[in-house]
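# Here's my sequence, what's the structure:
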Amino acid sequence: MGFVTTLTYVLPHRLLSSLARRLAYSRNRAVKQWLIDTVTRKFGVDLSEAAEPDPRAYPTFNAFFTRALKPDARLPDPDPRSLLMPADGHISQCGPIEPLGDGDGRIFQAKGRSFTAAELLGDVDAAAPFADGLFATVYLSPRDYHRVHMPWAGTLRETVHVPGRLFSVGTDAVASVPGLFARNERLVCHFDTDFGPMCLVMVGALLVSGVETVWSGVEIPAYGDRIARKDYRGKGIALDRFAEMARFNYGSTVIVLLPKHAAALSPDLRPEQPVRLGQRLAGVN
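Next comes the predicted model:
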């Protein structure tokens, strides 16, 4: 375990994230421009793809970080049966959810570490449809486009805000922190689709803890001290395949869960592989 990851066990996660949020929303021109210029230079951000390519035009660092892309910068895979990659980033892991025989399933994290679907979703019953299904974990780095789009058309059924820690989700932390994605604060989004349930989990991280959705605005923070559910049944919130769903106010990880027999993952996907929003994640059966 690296020194930084070890240090995060004792750091005040939420306090640090709150301070970082204040910086991200600062309208002080010198502060916001220094942050934008530093991240652009250090991580090689390609602003030519942005709807607003001028780094000085953004009023805050968060506005820069959640920037829109030009309409043709990302396109969905042309095969209408392709279930789409929800974000730019890297594949952390993907593959089958290992059934545990009790209505739950195990999701591989890295280097022998795993967590269960019930732990991730905060609900044993909600995990049952995904036992023996598929998962894909996509890590968004600071250089990436930070909006998350729908892999497939769906109608929102419920969101679940699961409180937790805010560990880093970088490579060292993923390899070292047991059950990382099931320990960090997260927003679980349940959708109904024509192949059954689909779940997208927006996982927060240290200094990377803001999540907002297109239907409800800012969801995290405020940080939670207990599981909080919002029931959207009958509200008619239907999102098309490739439509924007949510965004991270400074990065992190999104996990897609699919039920058994719904789809087959693209065979060329590998851990740490760079991916782009809209490319084929899986083929719907």
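
# From here on, just use CA atoms for contacts and neighbour counts.
Noted.

# For this protein, give me the ranges with low pLDDT.
1-12, 111, 208, 251 (pLDDT under 70).

# which residue lies farthest from the center of it?
The centre of the chain is farthest from one residue, Ala30, which by Cα atoms, centre = their mean lies 30.0 Å away.

# contacts for the host helix or strand of it?
Ala30 belongs to helix 29-43 when assigned by DSSP states H and E. For helix 29-43, the surrounding residues in contact (Cα atoms under 8 Å, 6 or more residues apart in numbering) are 23-24, 26, 45-46, 55-56, 59-61, 64, 142-143.

# If we use 10 Å, what do you get?
23-27, 44-47, 55-65, 141-144 (Cα atoms under 10 Å, 6 or more residues apart in numbering).

# Which among those residues count as buried?
23-26, 45, 47, 58-65, 141-144 (16 or more other Cα atoms under 10 Å).

# ok, back up a step: ok, and for the helix holding Ala30, which residues are buried?
Buried-residue list, helix 29-43, by 16+ other Cα under 10 Å: 32-33, 35-36, 39-40.

# Over to stretch 273-285?
275-284.

# same thing with stretch 107-123?
For stretch 107-123, by 16+ other Cα under 10 Å, it's 107-110, 114-122.

# quick revisit: inside helices: which ones of the buried ones among the contacts of helix 29-43?
23-24, 61-65 (DSSP state H).

# Tell me how many other residues crowd Leu156.
Other residues lying near Leu156 total 24 when counted by other Cα atoms under 10 Å.

# ok, and the closest non-adjacent residue to it?
Phe191 (4.5 Å; Cα to Cα, 6 or more residues apart in numbering).

# That neighbour reaches Val160, doesn't it?
No: using Cα atoms under 10 Å, Phe191 is not in contact with Val160; the gap is 11.9 Å.

# Give me the more crowded residue out of these two.
Using other Cα under 10 Å as the criterion, Phe191 and Val160 rank with Phe191 on top: 22 against 19.

# which SSE is that one in?
Using DSSP H and E, Phe191 falls in strand 186-193.

# Show me which positions of that strand end up buried.
186-192.

# out of these, which one sits closest to Leu75?
Taking Cα to Cα as the measure, Leu75 sits nearest to Phe191 out of these, at 22.3 Å.

# ok, which stretches of the protein are helices?
3-8, 13-24, 29-43, 61-65, 117-121, 124-127, 171-176.

# can you list contacts of the fifth one?
So that's helix 117-121. Contacts of helix 117-121 (Cα under 10 Å, 6+ apart): 97-99, 103-107, 123-131, 135, 160-162, 179-184, 186-190, 199-201, 203, 255, 257.

# at 6 Å what do you get?
The contact list for helix 117-121 (Cα atoms under 6 Å, 6 or more residues apart in numbering) reads 105, 124, 127, 182.

# Run through the residues that contact the second one.
Put plainly, it is Val124. With Cα under 6 Å, 6+ apart, Val124 has these contacts: Ala118.
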